[in-house]
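In: Test case, fold it:
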Amino acid sequence: MKYRVGQVGRVIVARFEDGEDILENIAAVAKKENIQSAVFNLIGGIKKGSLVVGPREETLPPKPVWRDIQESTEVVGVGTIFWQDNEPKIHFHGSFGKKDTVRVGCLRGASETFLVLEVIIFEIQGIDAKRELDQATGLMLLKL
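Out: Residues are numbered from 1 along each chain as shown. Reported below is the predicted structural model:
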């Protein structure tokens, strides 16, 4: 295990409107405010997106299992913001549900807010962490 100790800096509250891209907007806030390290909570609705819901098998590199969101769905989750080179990279896992169907997964790529989505970003100060390509997994992993 590797870890660092930091402290909470600024707290940013954002509201995304219907049709706005979720991950793109979180990255835009991080870039505009120069947030290098953060954790965020998210709650609201999503109507379009793609999730990784696990690997096909427990092998490296993992082969992801994808599921699409194609209609209005509730979402709640938590994510992190750390930079890769000169761009903030968002890692977000959430629960996505409608009626009796619930999925848990990692939102990746383009997405669309349904009605409204609230995001609370907690900046972490005093942490020197970045995302770097891990050769074994093929994933952009956190490096402390």
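In: so how many other residues sit close to A110?
Out: Residues within reach of A110, counting by other C-beta atoms under 10 Å, total 12. Quick note: C-beta positions are derived from backbone N, CA and C, even for glycine.
In: And for I120?
Out: With other C-beta under 10 Å as criterion, I120 counts 13.
In: ok, longest strand in this protein?
Out: strand 101-125 (DSSP state E).
In: which strands and helices sit next to that one?
Out: Contacts defined by 3 or more C-beta pairs under 8 Å, 6 or more residues apart in numbering; DSSP states H and E place strand 101-125 against strand 7-17, helix 22-32, strand 37-55, strand 64-69, strand 73-84, strand 87-98.
In: Just tell me which of those ends up closest to T113.
Out: Ranking the helices and strands packed on strand 101-125 by proximity to T113 (C-beta to C-beta) places strand 7-17 first, at 4.6 Å.
In: what's the angle from that closest one to strand 37-55?
Out: Per axes from the mean of the first three to the mean of the last three C-alpha atoms, to 10 degrees, the angle that strand 7-17 makes with strand 37-55 is 60 degrees.
In: Tell me which other helices or strands strand 7-17 touches.
Out: Helices and strands touching strand 7-17, by 3+ C-beta pairs under 8 Å, 6+ apart, are helix 22-32, strand 101-125.
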